[in-house]
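Chemist: Got a sequence here, can you model it:
(chains A and B)
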Number of protein chains: 2
Amino acid sequence: MSSPEICIHVCVTCRAAGAPDDGAERPGAVLHRALAEALSAADAPAVRLEPVQCLSVCKRPCTVAVSGPDRWTYVYGDLDPADAVETILDGVRRYAATADGLVPWRERPEAFRKGVVARIPPFKTSSAA
Amino acid sequence: MSSPEICIHVCVTCRAAGAPDDGAERPGAVLHRALAEALSAADAPAVRLEPVQCLSVCKRPCTVAVSGPDRWTYVYGDLDPADAVETILDGVRRYAATADGLVPWRERPEAFRKGVVARIPPFKTSSAA
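Modeler: Residues are numbered from 1 along each chain as shown, chains lettered A, B, ... in the order given. Below you'll find the predicted structure:
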């Protein structure tokens, strides 16, 4: 089987707003760990999970980016590590089921509707233009 | 010569905050037109310019996304169509001069430092992993 083509990047660096710099595990690191565990389940969607140091959405942790070849890329913020895993898995299943990554607004998880930070069209190389 | 591999997407839809829906040309459309003109100059960087209906950064027009193969993608907002063209060309020249799209913070145009909305790592396919 080839490697999964859908990717979730999770920022593991940002502190929650107002949180002290006390060395506590960062919310994004907690979310990354929970996602890794959930994605190891037999019925989990095929996704490559990657931690990243910075998605430049520092004021809205937790933050993730969802991307895939020939698909729109989405960046989501304001995700609560305590309950975002199911939202992300649900959203990614719907994303993976499309050809271009565009999930109709009403079908998106609420946290994805409210938390969307940006989206970027698929990158077309000159050979595909 | 092959087509340019660096791409600028410009959202041409959003109104400025508080602007009436009076049918006036949108700020992003003005910016797109000014960029197209500037990019036609002989010394302009090789860039593919594409209008887009929505980058989901609706509260911070004008908004652009800068992307390229094997490079980080950047989304910038709060750009003033009256003076953003030179900033964008300067930023894109620096972006194109890197292998991965990461321009050192101090070398970025100020409007790119202040206006950054998000950045996303380059998408790696399984064959490139």
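Chemist: Report whether A:Ile88 is found in a helix, as I expect.
Modeler: Yes. Remark: A:Ile88 belongs to a helix, assigned using DSSP: H, G, I helix; E, B strand; the rest coil.
Chemist: Give the burial count for A:Glu110, as a bare number.
Modeler: 8 (other CB atoms under 10 Å in any protein chain shown). For glycine as for every other residue, the C-beta is placed from the backbone atoms N, C-alpha and C.
Chemist: any idea how far chain B is from the spatially most central residue of chain A?
Modeler: Centroid-nearest residue in chain A, with CA atoms, centre = their mean: A:Val64, separated by 3.5 Å. Distance from A:Val64 to chain B, counting by CB to the nearest CB, to the nearest Å: 10 Å.
Chemist: now swap in A:Pro121 and tell me
Modeler: 6 Å.
Chemist: for A:Ala82, same thing?
Modeler: Distance from A:Ala82 to chain B, by CB to the nearest CB: 23 Å.
Chemist: what's the neighbour count on that residue?
Modeler: For A:Ala82, using other CB under 10 Å, the count is 10.
Chemist: Kindly confirm my reading that it is in a strand.
Modeler: No. The assignment for A:Ala82, made by three-state DSSP, is coil rather than a strand.
Chemist: need the strands for chain A, in chain order.
Modeler: Using DSSP state E, the strands assigned to chain A run over residues A:6-11, A:47-52, A:64-67, A:73-76, A:116-120.
Chemist: Let me see the confidence value for the residue nearest to the centre of chain A.
Modeler: For A:Val64, the model assigns a pLDDT of 97.
Chemist: OK, contacts around it?
Modeler: By CB atoms under 8 Å, 6 or more residues apart in numbering or on different chains, the contact list for A:Val64 reads A:Ile8, A:His9, A:Val10, A:Cys11, A:Leu31, A:Leu55, A:Val75, A:Tyr76, A:Leu79, A:Ile88.
Chemist: wouldn't the fourth one be in contact with A:Glu50 here?
Modeler: No. Under the criterion of CB atoms under 8 Å, A:Cys11 lies out of contact with A:Glu50, with a separation of 10.6 Å.
Chemist: higher neighbour count, those two?
Modeler: A:Cys11 (28 against 14).
Chemist: Contacts only, for the more buried one.
Modeler: A:Gly28, A:Pro51, A:Val52, A:Gln53, A:Cys54, A:Leu55, A:Val57, A:Pro61, A:Cys62, A:Thr63, A:Val64.
Chemist: One more: A:Leu35?
Modeler: Here A:Leu35 is in contact with A:Ile8, A:Val10, A:Leu49, A:Val85, A:Ile88 (CB under 8 Å, 6+ apart).
Chemist: Run a quick neighbour tally on the last one.
Modeler: In other words, A:Ile88. Residues near A:Ile88, counting by other CB under 10 Å: 28.
Chemist: In this structure it contacts A:Ile8, no?
Modeler: Yes. Counting by CB under 8 Å, A:Ile8 is a contact partner of A:Ile88 at 6.8 Å.
Chemist: can you pull the pLDDT of A:Pro51?
Modeler: A:Pro51 is given a pLDDT of 96.
Chemist: got it, and A:Asp100?
Modeler: A:Asp100 is given a pLDDT of 95.
Chemist: Contact partners for it?
Modeler: Going by CB under 8 Å, 6+ apart, A:Asp100 touches A:Asp70, A:Arg71, A:Trp72, A:Pro122.
Chemist: Roughly how far does the first one sit from chain B?
Modeler: Going back to what we said before, that points to A:Asp70. On the measure of CB to the nearest CB, A:Asp70 and chain B end up 10 Å apart.
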